[in-house]
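Q: Predicted model, plus sequence, below.
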Amino acid sequence: MRAQAKFNLYNQGKDYLQTQITKTNLDNQNIAVNLSLREQTKLAGILYWNLVFYKEMNSLHNTMIKINAQNKRSAKRRIDSGLATESDRLEFDMTQIELKHHLKEINYKLKILKQKLALILGTDNFKVPEKLIHTHKIDSLISNNKPAPEYIEPLKNKFELFKVKDRLAKLYWTPKVDFNVEYEKYDKTIEIPSLNITDSLESEVVLSLSLTFDLDGASRALKRSKALAFKAQASEMDYNYKKKQQQIELNSQAEKLKLMHHLVHEVEEEIELAKAYYDLTKKEYSRGAKNSPDMLGAANKLYDKNKERLKLIRDYHVLKAEYLAMIN
């Protein structure tokens with residue numbers, strides 16, 4: 001019977017470094033999961049605010065269709081009284097067709113957006129508000145202006161991995177130390193008559209310590225170590241650059257949120273002026289002082305300013321969704 005056991009006493013520190021590599025790779029996998037969640041949440045937010053936007057655009061178009069119909073009736077009365085020609089009514093007819101055409105496009109977009117948002121949420125049982133509300137808590141929103149680790153940690157882990165692999169490659173000169181234990185049991189007698197020796201050998205234990213040097217791979221390991229050191233340095237520079245770049249992007253988005261918040265209030269003031277201009281034009285139109293192009297121009301100003309407001313609020317919320325995904 002023979003038995004042998006081998007114990008590694010020292011493995012050049014490779015086991016510890018390999019554990020570090022495995023842990024870093026696991027961290028990267030977890031970061032990838034969290035990053036995917038952030039991206040999906042951001043996409044859901046973008047779809048959500050576009051859905052609310054088109055829902056209110058639908059309401060705005062229906063309102064404008066009603067306004068145009070009222071103006072068309074006013075034009076008919078003017079035509080019947082001899083104050084206008086048939087061309088006045090045709091102006092409103094063409095506008096009505098155009099508004100209904102846009103309304104069909106809006107309803108199509110609403111349908112597609114609902115399907116896309118339902119896919120991300122995993123359910124179509126959700127509701128969105130009727131109105132696109134502009135929030136005012138801009139200062140509290142941008143107070144925590146720090147990048148989320150998921151966007152920058154993989155780059156940091158990348159150069160850390162190169163550093164660990166560089167350390168592994170540099171261990172080519174260190175020996176691997178193993179402790180060996182051998183036990184052998186004999187069932188025989190050794191006889192050497194010429195020397196008058198007779199020995200009944202029953203068992204034997206051998207202890208040994210071995211040092212293994214990989215001299216053959218030393219040259220390759222040295223070259224690999226230098227290459228990994230350069231890769232680590234390049235990756236670290238890339239990490240520092242991307243980190244600063246992301247902070248600049250966050251600062252830029254925070255400033256843009258402030259600007260858009262200010263623009264929303266400005267366009268709301270313009271809407272009030274557009275309403276006053278439309279009401280005044282309508283009165284002058286009924287008195288015969290204005291014609292149909294004047295009425296259409298006033299109505300379009302009111303429509304454009306309302307649309308601009310909705311687009312600004314939508315873009316504000318979309319930017320906010322992107323910003324929130326990027327911060328910690």
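A: Here it is on my side, so go on.

Q: Surely Val128 is within a helix?
A: No: counting by DSSP: H, G, I helix; E, B strand; the rest coil, Val128 falls outside a helix, being coil.

Q: which element follows the host helix or strand of Phe230 toward the C-terminus?
A: Using DSSP states H and E, Phe230 sits in helix 218-286. Sequence order places helix 292-326 as the next helix or strand after helix 218-286, per DSSP H and E.

Q: quick one, strands of the stretch 1-150 of the chain?
A: With DSSP state E, counting those that start in this stretch, the ranges of strands along the stretch 1-150 of the chain come out as 2-10.

Q: got any ranges where it has weak pLDDT?
A: Scanning the stretch 1-150 of the chain with the threshold set as pLDDT under 70 gives 8-14, 16, 83-84.

Q: quick one: contacts for the residue nearest the centre of the chain?
A: For the chain, Glu39 is the residue whose C-alpha lies nearest the centre (Cα atoms, centre = their mean; 3.3 Å). Glu39 sits next to Ala325 when contact means Cβ atoms under 8 Å, 6 or more residues apart in numbering. No exception for glycine: its C-beta is placed from N, CA and C like everyone else's.

Q: Kindly recompute the last result at 6 Å.
A: With contact set as Cβ atoms under 6 Å, 6 or more residues apart in numbering, Glu39 has no partners.

Q: how much space between it and Ile112?
A: 20 Å (Cβ to Cβ, to the nearest Å).

Q: thinking again about what came up before, just the mean pLDDT for the helix holding Phe230, thanks.
A: For helix 218-286, the mean per-residue pLDDT is 86.

Q: nearest residue to Glu91 other than its sequence neighbours?
A: Spatial nearest neighbour of Glu91, excluding adjacent residues (Cβ to Cβ, 6 or more residues apart in numbering): Ser292 at 4.4 Å.

Q: per-residue confidence at the one you found?
A: In this prediction, Ser292 carries a pLDDT score of 82.

Q: Surely it is in contact with Leu90?
A: No: between Ser292 and Leu90 there is no contact under Cβ atoms under 6 Å: 8.6 Å.

Q: out of the two, which sits in the busier spot?
A: Neighbours were counted for Ser292 and for Leu90 using other Cβ atoms under 10 Å; Ser292 has more, 22 against 13.

Q: mind checking how far the more buried one is from Lys243?
A: 60 Å.

Q: do the same with Leu228
A: 22 Å.

Q: These two: which is more packed in?
A: Neighbour count, other Cβ under 10 Å: between Leu228 and Lys243, Leu228 has more, with 20 against 15.

Q: mind listing what the more buried one touches?
A: 162, 165-166, 169.

Q: ok, now how distant is it from Glu160?
A: The gap separating Leu228 from Glu160 is 12 Å, by Cβ to Cβ.

Q: helix/strand/coil for Asp178?
A: strand.

Q: Share the number of residues neighbouring His136, please.
A: Residues near His136, counting by other Cβ under 10 Å, number 11.

Q: Spell out, range by range, the helices that occur in the stretch 101-250 of the chain.
A: Here the stretch 101-250 of the chain has its helices, by DSSP state H, counting those that start in this stretch, at 138-141, 153-169, 218-286.

Q: what residues does the second one touch?
A: The reference is to helix 153-169. Here helix 153-169 has contacts from 17, 20-21, 24, 28, 31, 221, 224-225, 228-229, 231-232, 235-236, 239, 242, using Cβ under 6 Å, 6+ apart.

Q: Pull out the buried members of the residues you listed.
A: Buried members of the contacts of helix 153-169, counted by 16 or more other Cβ atoms under 10 Å: 17, 20, 24, 31, 221, 224-225, 228-229, 231-232, 235-236, 239, 242.

Q: before we move on, the earlier item: can I get the contacts of Leu228 in CSV including neighbour count and distance to Tyr151?
A: Formatted as CSV, those follow (neighbours: other Cβ atoms under 10 Å; distance: Cβ to Cβ, whole Å):
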residue, neighbour count, distance to Tyr151
Phe162, 20, 20
Lys165, 21, 24
Asp166, 20, 26
Ala169, 19, 30
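
Q: can you tell me how far the closest residue to Asp27 other than its chain neighbours sits from Thr24?
A: Closest residue to Asp27 apart from its sequence neighbours, by Cβ to Cβ, 6+ apart: Asn157 at 6.3 Å. Distance of Asn157 to Thr24, computed by Cβ to Cβ: 5 Å.

Q: now Lys131
A: Taking Cβ to Cβ, one finds Lys131 at 48 Å from Thr24.

Q: what's the answer for Gln70, then?
A: For Gln70 relative to Thr24 (Cβ to Cβ), the value is 69 Å.
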